[in-house]
Structures are given as structure tokens and as C-alpha cells.
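Novice: Give me a 3D structure for the following:
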Amino acid sequence: MKDSLTLLSRIQAHPDSRCWFLAWNPTGTLLASCGGDRNIRIWGKEGDAWVCKSLLGEGHQRTIRKVAWSPCGNYLASASFDATTCIWKKNLDDFECAATLEGHENEVKSVAWAPSGSLLATCSRDKSVWVWEGERELGESWEAGNPLVIGLLASASYDDTVKLYREEEDDWVCFSTLEGHESTVWSLAFDQSGERLASCSDDKTVRIWHQFKPGNEQGVACSGPDPVWKCVCTLSGFHTRTVYDVAWCHLTGALATACGDDAIRVFEEEPLSDPHQPTFSLAAHVAQAHSQDVNCVAWNPKEPGFLASCSDDGEMAFWKYQRPETC
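Specialist: Numbers count the residues shown, from 1 in each chain. Predicted structure coming up:
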């Protein structure tokens, strides 16, 4: 199985620091990395090599935990332990900090854009989730507000649960709490359809949750108009330490995990399994993908099988995944 995930290159992305997270821009041509050195680096390809195109080092005072590109690719949001979120505007080959969002009382741990590009969600160690509303695809003027449309918002927590939110009139309501993990839930990933959600945890498992709408053919009871989310598959016995990140490839359906045992794993759904009771098999496993904890895995949005990873060792690695014939 190891040969199905091939190392292409390795880069010291954040020297003498943890590399916490990676995010591809929508076209898959740029990769943003962030780390404990309070810097963001923007990587692009020159020939066969990935090189640092921009260094964003003036926006935050503490570790940058997460970065996320806007749907248009012109803005990058960064979440920091300094309790702020920065919105960076791309100007040709350079970036400038267009806005700094303040309000959280503690470290901002994650940030995500709505498909419209005018809404941003942040979550913090202060146990709150904020939704920010700004000028559509501009980012210069942001305030905490109630957006028009966001669809579905999911959050993961130290309380071992996943919560799902929807907009109701002028407020946000939690319509479902997904219970089942036995320790901290670290990361979430929706599949391409948005009807399935993967969660990974300190309990060394990955869970697959499926949305069942009212009147579903499977006969799953729903209370009122809201769908019911149920765990339909648990991947256990594969990871030996905390699973820090999970990424669902929207091009192929492959599921990648980043683990505290220094390994990267890729899972594939069995072709003939019932989507409402799926079976996933381990398709690739690189035991020493990094020399320390793997913090993030990120599939390129345009090139099938192209995977990036980063680690506490400060390195960033690029991989090519090919689906095993036996999978």
C-alpha cells in the first residue's frame, strides 16, 4: 500500500517552528502555509520546484493556526493565537492586510469562508463561533453579523462533539449535536455533495456522518424540518495516536488523515458499499511521512491525487496518490 502514495518533494517551510496548516487556492496554483513563527508563506511552482512567492509576516503577534482562501482566490484569512483574524488582499504577486477582525477573548483556532465569499466563520478557545459579514468578495469592511445565506456550519470541540448550525431569522441556531467521539474532535471535512461529514479525534478514530432528510427512503425518523445526521461508519484500529486532520478529496472521494504517529493514511470507499452504510478500506499508509506529528493534509482542488502535508517538524511535503487496483 505504501507505493500508492509517493513522495514528490519535501520543503523546510517554517524553519525552527511548527507548520500548522496548509490551504490551496481555488485554482490549485498557490499553497498557503502558516506556523508557529507567526508567518504565512505563499508557495507557487517554478519549473518542477515549489518556491516561496510571498512572506506575510506583519499581521499577527502569535502563532498562526489556520489559513483559508476566499472562493474567488483574491483573499486569504488567517486565524491566530493572538485572538485576531486577518484578511489579506492579493495584489498581483503581493498581499496586504486589508482588515483585522477582533472580538474573540482567546486564541482563534479555525477560520472558514462561505461559498458566497461574503461570510466568514471563526472559532476560538473562548468556546464561541463567530460569523462575520463583509462586502461581497471585498473584505475591506467586516463586522460580526447575521449573514443572508450560509447553508450549513459545522464546528468541532474539546467537548468531544460536533455541532451543526443553520441561520434562523436573525440568529444562528444549533440544530444538531453529533455525539460518539470519546475525546477532542480536531477536524472536520465535508464530501463533495455536502451530505456526508468526516470527523477525526484524539480518540484515534475517524467517523463518517450522513445527512438524512425528512421523508428519507431509509426510514430514519426526523423531528420537524431539520435533517438528522447519523454516524454511518467508524474507522478505528488504523491510527495509533491522535488524528489531527482529515481531508476529503472532492475530485476522487479519497479520504486522507494526518496523525500524531507521524503517518499519513488514505482511505477509499468500497465501490459496492451502501452509501448510507459505507465501508472504507486503508488504501495507502506512509508510516514516517514526517519526523514529528503530522498536522494537516490538503488535496489539490484541480489535480486528482496531488496531496500536501505539513508537520511539527516545520516541513511541508508533496505526495502523489494513485488508487491501488485492489482497493
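
Novice: May I have the predicted confidence score for residue 16?
Specialist: Residue 16 carries a pLDDT value of 89.

Novice: Check residue 271 too.
Specialist: 88.

Novice: ok, now residue 144?
Specialist: pLDDT, residue 144: 46.

Novice: Identify the bridge partners of the residue nearest to residue 257 when sequence neighbours are not counted.
Specialist: What sits nearest to residue 257 in space, not counting adjacent residues and going by CB to CB, 6 or more residues apart in numbering, is residue 265, at 4.9 Å. For glycine as for every other residue, the C-beta is placed from the backbone atoms N, C-alpha and C. When bridges are taken as DSSP bridges, the partners of residue 265 come out as residue 257, residue 285.

Novice: For residue 265, list the residues it contacts.
Specialist: By CB atoms under 8 Å, 6 or more residues apart in numbering, the contact set of residue 265 is 238, 239, 256, 257, 259, 282, 284, 285, 286.

Novice: for residue 291, same thing?
Specialist: Contact partners of residue 291, counting by CB under 8 Å, 6+ apart, are 262, 311, 313, 315.

Novice: got those as JSON lines, with pLDDT, distance to residue 209 and neighbour count columns?
Specialist: Below are these laid out as JSON lines (pLDDT from 0 to 100; distance: CB to CB, whole Å; neighbours: other CB atoms under 10 Å):
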{"residue": "262", "pLDDT": "97", "distance to residue 209": "27", "neighbour count": "20"}
{"residue": "311", "pLDDT": "97", "distance to residue 209": "27", "neighbour count": "25"}
{"residue": "313", "pLDDT": "96", "distance to residue 209": "32", "neighbour count": "21"}
{"residue": "315", "pLDDT": "97", "distance to residue 209": "32", "neighbour count": "19"}
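
Novice: Turn the residues you listed into TSV, columns for secondary structure and distance to residue 324.
Specialist: Shown next, in TSV, are the contacts of residue 291 (DSSP: H, G, I helix; E, B strand; the rest coil; distance: CB to CB, whole Å):
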residue	secondary structure	distance to residue 324
262	coil	22
311	strand	25
313	coil	28
315	strand	26
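
Novice: quick one: stretch 197-217 to chain centroid distance?
Specialist: 16 Å (CA atoms, centre = their mean, to the nearest Å).

Novice: what distance separates the start and the end of it?
Specialist: 20 Å (CA to CA, to the nearest Å).

Novice: list the buried ones in that stretch?
Specialist: For stretch 197-217, the buried set under the neighbour-count rule, 16 or more other CB atoms under 10 Å, comprises 197-212.

Novice: The residue nearest to residue 280 when sequence neighbours are not counted and residue 189, how far apart?
Specialist: In space, and not counting its chain neighbours, residue 280 is closest to residue 267: 4.4 Å by CB to CB, 6+ apart. Distance, residue 267 to residue 189, using CB to CB, to the nearest Å: 12 Å.

Novice: joint contacts of the two?
Specialist: By CB under 8 Å, 6+ apart, the residues touching both residue 267 and residue 189 are residue 255.
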